[in-house]
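Participant: mind folding the following:
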Amino acid sequence: MSFVSYGYNMLDNNASVLLIYTGGTIGMVEDPETGMLRTYDFDHLKEYVPELSRLKFHIDSVHFSEPIDSSDMSPEKWKKIVWLIEDNYSQYDGFVILHGTDTMAYSASALSFMLENLDKPVILTGSQLPIGKIRTDGKENLITALEIAVDKDPEGNAFVTEVCIFFQNFLMRGNRTTKINAANFKAFNSFNFPILAEAGTHIRYRHDLIHHPLPNSKPKFHYALDSNIAIIKLFPGISASVLKAMIEIPHLKGIVLETYGSGNAPGKKWFLDIIEEAVNKGIVVVNVSQCASGSVNMQRYESGIALKHIGVLSGYDITTEAAVAKLMFLFGHGLDRREVKTSMKVALVGEATIE
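Facilitator: I've put the predicted structure just below:
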């Protein structure tokens, strides 16, 4: 392991960060009369987080005209975030996106594909308690995410050059994260990939794990997505009629099939026949484990071998969130079924460990 400590006092006083507020709990305060949560005016951010005035770099903020609950996040909103980053890319050293926690892992996964060859950090963060609450986790998450967004080496190169989530002291690769808790401050985890940095008295980075841009290549910003994707989660008692209805969804192009354990599924003929029918219709079916940790191994058990035989792809250790985002991205760029299957077998931006 090659952790490197880096002190806050080494930050560039001339650095600047663009803070993008999409919505979510972090951007809410409690109405003293009704007790209800409402979105506050982000122009007055320092009133709620006075510690920001002590940071030795410049912070600008922009927010969606109508902040949204993250449950309403969509590919169109992802495109808006990408546009904001592209339009301001040359003006800032890094970007911090304030986002609701419920779909943060989906957004981080999507942005990891849509923002290609980054040489600056894009950090998503949020909170479990509103920033106006005394016990809020939002202040620490926000302040540290901002610090990471401007951290550089002595040569002036950004330490972080990919899309990440920072939450409760940990910086994680965005497309490796999953929300694990609706109540605790530790809301996210990266089960199948190590953390990229840990914030304590110093921020310690794992430079050997951070995804770096291709040399002599510029960032690319992508907007094409195809949301004709479905998730099918297996459960004991799933019926043929339910499964059949799913694969007959009009214009369906990809299925993330959440199987048991290391990629196992019912061995009944009717089940395999329906999945094979989906494959024969040109639908790309990706086998992803329901387990939070571990990898799909379709060679281990008879049921996995049967799925592989009929054309189901292994998702290896990819998360459901990243599998959905990757399929949307690939089909959105006009790749045909064969090309999508080929791309699903390789890691494009560190989203899976390909065995």
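Participant: which residues are in contact with stretch 148-160?
Facilitator: Outside of stretch 148-160, the residues that reach it under the criterion CB atoms under 8 Å, 6 or more residues apart in numbering are 6, 11-12, 15-17, 57, 93-96, 119-121, 123, 164, 166, 171, 196-197, 199, 203, 205, 207, 210. Where you see a C-beta, it was placed from the backbone N, CA and C, and this is true even at glycine.
Participant: which of those residues are buried?
Facilitator: Neighbour counting with 16 or more other CB atoms under 10 Å marks 6, 11, 15-17, 57, 93-96, 120-121, 123, 164, 166, 171, 196-197, 199, 203, 205, 210 as buried within the contacts of stretch 148-160.
Participant: please enumerate the helices of the stretch 151-300 of the chain.
Facilitator: Counting by DSSP state H, counting those that start in this stretch, residue ranges of the helices within the stretch 151-300 of the chain are 240-247, 269-280.
Participant: what is the neighbour count of the spatially closest residue to residue 189 that is not a sequence neighbour?
Facilitator: What sits nearest to residue 189 in space, not counting adjacent residues and going by CB to CB, 6 or more residues apart in numbering, is residue 180, at 4.9 Å. For residue 180, the neighbour count with other CB atoms under 10 Å is 13.
Participant: in terms of pLDDT, where does residue 180 sit?
Facilitator: Here, the pLDDT recorded for residue 180 equals 95.
Participant: thinking again about what came up before, restricted to strands, list the buried ones among the contacts of stretch 148-160.
Facilitator: The strands, defined by DSSP state E, take in 6, 16-17, 94-96, 123, 164, 166, 171, 197, 199, 203, 205 from the buried ones among the contacts of stretch 148-160.
Participant: between those, which is closest to residue 142?
Facilitator: Each of these was checked against residue 142 using CB to CB; the closest is residue 96, at 7.4 Å.
Participant: doesn't residue 144 make contact with the closest one?
Facilitator: No - with the criterion set as CB atoms under 8 Å, residue 96 and residue 144 do not qualify as a contacting pair; they are 9.9 Å apart.
Participant: middle-most residue in this protein, spatially?
Facilitator: The residue at the geometric middle of the chain, judged as the C-alpha nearest the mean C-alpha position with CA atoms, centre = their mean, is residue 108 (2.3 Å).
Participant: I'd say that one and residue 165 touch.
Facilitator: Yes - between residue 108 and residue 165 there is a contact under CB under 8 Å: 5.2 Å.
Participant: identify the contacts common to those two.
Facilitator: In the contact map built from CB under 8 Å, 6+ apart, the residues linked to both residue 108 and residue 165 are 124, 174, 177.
Participant: and the end-to-end length of stretch 21-33?
Facilitator: For stretch 21-33, the separation between the terminal residues is 25 Å (CA to CA, to the nearest Å).
Participant: worst-scoring helix or strand of this structure, pLDDT-wise?
Facilitator: Every helix and strand in the chain was compared by mean pLDDT, DSSP states H and E; the lowest is strand 3-6, with a mean of 46.
Participant: tell me which element the residue nearest to the centre of the chain falls in.
Facilitator: With the criterion set as DSSP states H and E, the secondary-structure element containing residue 108 is helix 104-114.
Participant: report all helices and strands that that helix contacts.
Facilitator: Under the contact criterion of 3 or more CB pairs under 8 Å, 6 or more residues apart in numbering; DSSP states H and E, helix 104-114 touches helix 75-88, strand 122-125, strand 163-167, strand 178-179, helix 320-332.
Participant: okay, now the residue lying closest to residue 258 once chain neighbours are set aside: neighbour count?
Facilitator: Using CB to CB, 6+ apart and skipping residues adjacent in sequence, the residue nearest residue 258 is residue 233, 4.2 Å away. A count of neighbours around residue 233, defined by other CB under 10 Å, yields 12.
Participant: can you offset everything so residue one is 853?
Facilitator: Fine by me, first position is 853 from now on; the one you just mentioned is residue 1085.
Participant: any idea how far residue 1085 is from residue 1036?
Facilitator: Using CB to CB, to the nearest Å, residue 1085 is found at 24 Å from residue 1036.
Participant: with residue 1194 instead?
Facilitator: Looking at residue 1194 against residue 1036, where the rule is CB to CB, the gap reads 40 Å.
Participant: ok, these two, which is more surrounded?
Facilitator: When neighbours are counted by other CB under 10 Å, residue 1194 and residue 1036 differ, and residue 1194 comes out ahead with 13 against 10.
Participant: how's the chain carved up into domains?
Facilitator: For the chain, whose domains are defined here by automatic domain parsing, the residue ranges read 855-1073, 1081-1196.
Participant: gap between the two ends of the last one?
Facilitator: Taking CA to CA, the span from the opening residue of domain 1081-1196 to its closing residue is 14 Å.
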